[in-house]
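Student: Curious how this folds, go ahead:
(2 chains)
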Number of protein chains: 2
Amino acid sequence: MKIYLAGPDVFLPDAVEIGRRKVAICDRHGLIGLYPLDNTVDLASPDASRQIFHGNEAMMDDACAIIANLTPFRGPGADAGTVYELGYMAGSGKLCFGYCNDPAVYAERTRRFTSVSEQDGRLVDADGLTVEDFGLPDNLMMIHALDLHGSPLVLPRERPADVWHDLSAFEECVKLAAQQLGAES
Amino acid sequence: MKIYLAGPDVFLPDAVEIGRRKVAICDRHGLIGLYPLDNTVDLASPDASRQIFHGNEAMMDDACAIIANLTPFRGPGADAGTVYELGYMAGSGKLCFGYCNDPAVYAERTRRFTSVSEQDGRLVDADGLTVEDFGLPDNLMMIHALDLHGSPLVLPRERPADVWHDLSAFEECVKLAAQQLGAES
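Tutor: As a prediction, this is how the structure comes out:
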């Protein structure tokens, strides 16, 4: 029972250590966690980014489910690479799980980065672009994809002090995945 | 030959008009463009966001390809909903095309939103998170997904004056799609 561990965790200074912790939690629940940094990549090669892509895609093809860390990354919403991978797994018919260590709704998150105002009955940002206002934590495509293709987004009741290292919501996802995959040890 | 038209265009004040222009361009090249706003949704319903999701997913399942507008949206990278849809189509084995009306590389785009510095041989943002530095315009997963599952990202030589209404790069994608799908009229 292999499960792909997607997230901007790979961009943390202690990315390797976080991966080890995540894989250990999977192991405790009878699952094999596949973490992108476990792929061998020659970072000095001009072809490095393509090697990373192919390694990640092979891992996803090998896994029967994904756990996506959708904690806001460099803006109001989730990391694009992670979101791409969630979509890829949904499209592949695999089980989708996700968590986010910031329970704020999307409009509230957007207010941290730009002014948000009401115009002709819709919320807009400083550029006049609509701000999604459905009371969801992020773009509706990801949120409802989880509802339909796996299990609803896991959110902590309150934002943990360290959003990048608190793995409680991640462990909830692992438990859900183990149940749905029948892997409970 | 139906093609799904993904993008943050749906968040523009003239979202419906942009959709009409995109569908007309597809038509000129022998393709049927499916635009999310053509779905019927009761926006007053508490279930509106789910209706939008199901409408979009049904359109994607009905299409044989996607053209994703990956122009940076509310941050240094592409819109999350669009990226999810690109992943979904790649995972479904459909042909993937994409364009972006900002040719700047990702590290340069990130500098517009946060300080970027070098630390232990890698670029990091103000929070100490790695900034991808492969000379690509956005996260490597999307960029190489296009290379592998359709055609490389289409970029204008220079950023057009109006990134949201200039459809030259979009039309390039339509031509590529029509060629690959054998739909040239």
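Student: Quick check, pLDDT for residue A:174.
Tutor: Model confidence at residue A:174, given as pLDDT, is 98.
Student: how many neighbours does the residue nearest to it when sequence neighbours are not counted have?
Tutor: Once flanking residues are discounted, residue A:174 sits nearest to residue A:29: 5.0 Å by C-beta to C-beta, 6 or more residues apart in numbering or on different chains. C-betas here are computed from N, CA, C, even on glycine. Residue A:29 has 20 neighbours, counted by other C-beta atoms under 10 Å in any protein chain shown.
Student: now do residue A:42
Tutor: Using other C-beta under 10 Å, residue A:42 has 9 neighbouring residues.
Student: so it sits in a helix?
Tutor: No. Counting by DSSP: H, G, I helix; E, B strand; the rest coil, residue A:42 is not part of a helix but coil.
Student: wouldn't it be in contact with residue A:51 here?
Tutor: Yes. Residue A:42 is within contact range of residue A:51, at 6.6 Å (criterion: C-beta atoms under 8 Å).
Student: For the residue lying farthest from the centre of chain A, give me its contacts.
Tutor: In chain A, the greatest distance from the average C-alpha position (C-alpha atoms, centre = their mean) is reached by residue A:120, at 33.4 Å. Shown in contact with residue A:120 (C-beta atoms under 8 Å, 6 or more residues apart in numbering or on different chains): no residues.
Student: And the residue nearest to residue A:174, how far from residue A:183?
Tutor: 7 Å (C-beta to C-beta, to the nearest Å).
Student: Next, the contact list for residue A:70, please.
Tutor: For residue A:70, the contact set (C-beta under 8 Å, 6+ apart) comprises A:7, A:78-79, A:82-83, A:86, A:98-100, A:137-138, A:142, A:153.
Student: Which ones among these lie within helices?
Tutor: The members of the contacts of residue A:70 that map onto helices under DSSP state H are A:82, A:83, A:86, A:142.
Student: Can I take it that residue A:160 is in a strand?
Tutor: No. Counting by three-state DSSP, one finds residue A:160 to be coil, located in no strand.
Student: What count of nearby residues applies to it?
Tutor: 17.
Student: Give the full set of residues in contact with the nearest residue to it once chain neighbours are set aside.
Tutor: Nearest non-adjacent residue to residue A:160, counting by C-beta to C-beta, 6+ apart: residue A:166, 3.7 Å away. With contact set as C-beta under 8 Å, 6+ apart, residue A:166 has these partners: A:101, A:156, A:160.
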